[in-house]
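Participant: I would like to see how this sequence folds:
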Amino acid sequence: MEFDEALDTTGLVCPEPLMLVRNAVRKLAASAVLRIIATDPTTERDFQHFCQFMGHTLVASEQSTDASGHTVLSFWIQKKAS
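Facilitator: Sure thing, here's the model as predicted:
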């Protein structure tokens, strides 16, 4: 999936990933897409609520496993149009 900016929050736990995403989305142009990589399982719920509250779109999310067997979550958030 295409994106305009990327943010790696692996190893961080709530509320750090959400705070970093909030700041990154603020810097995006309208309708731009931010890709986030995370390992904290609470980020899925946090990002859904963030998008609903702020009017952004959670375009997609997926879960994979890295070489060490750890779960890695990926999210694509589109900033709302102006």
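Participant: quick check: buried residues in stretch 70-82?
Facilitator: Using 16 or more other CB atoms under 10 Å as the test for burial, stretch 70-82 gives 73-79. (C-beta placed from N, C-alpha, C; glycine too.)
Participant: so Val21 makes contact with Cys51?
Facilitator: No - contact criterion CB atoms under 8 Å: Val21 and Cys51 do not qualify, at 9.7 Å.
Participant: surely Pro80 is within a strand?
Facilitator: One thing to correct before we go on: residue 80 is Lys, not Pro. No - Lys80: not assigned to a strand; according to DSSP: H, G, I helix; E, B strand; the rest coil it is coil.
Participant: verify the stated contact: Phe47 with Pro15.
Facilitator: No - with contact defined as CB under 8 Å, Phe47 does not count as touching Pro15 (12.0 Å).
Participant: how about Ser31: what's its closest non-neighbour residue?
Facilitator: Spatial nearest neighbour of Ser31, excluding adjacent residues (CB to CB, 6 or more residues apart in numbering): Ala81 at 5.1 Å.
Participant: residue closest to the middle of the protein?
Facilitator: Ile36 (3.8 Å; CA atoms, centre = their mean).
Participant: so what's the backbone phi/psi at that residue?
Facilitator: phi -120, psi 140 (degrees, to the nearest 10).
Participant: still on that earlier bit, list residues touching both of Val21 and Cys51?
Facilitator: When CB atoms under 8 Å, 6 or more residues apart in numbering defines a contact, the residues bordering Val21 and Cys51 alike are Ile77.
Participant: of these two, which one has the most company?
Facilitator: Taking other CB atoms under 10 Å, Val21 and Cys51 do not tie; Val21 has more neighbours (23 against 20).
Participant: right, I'll leave it there.
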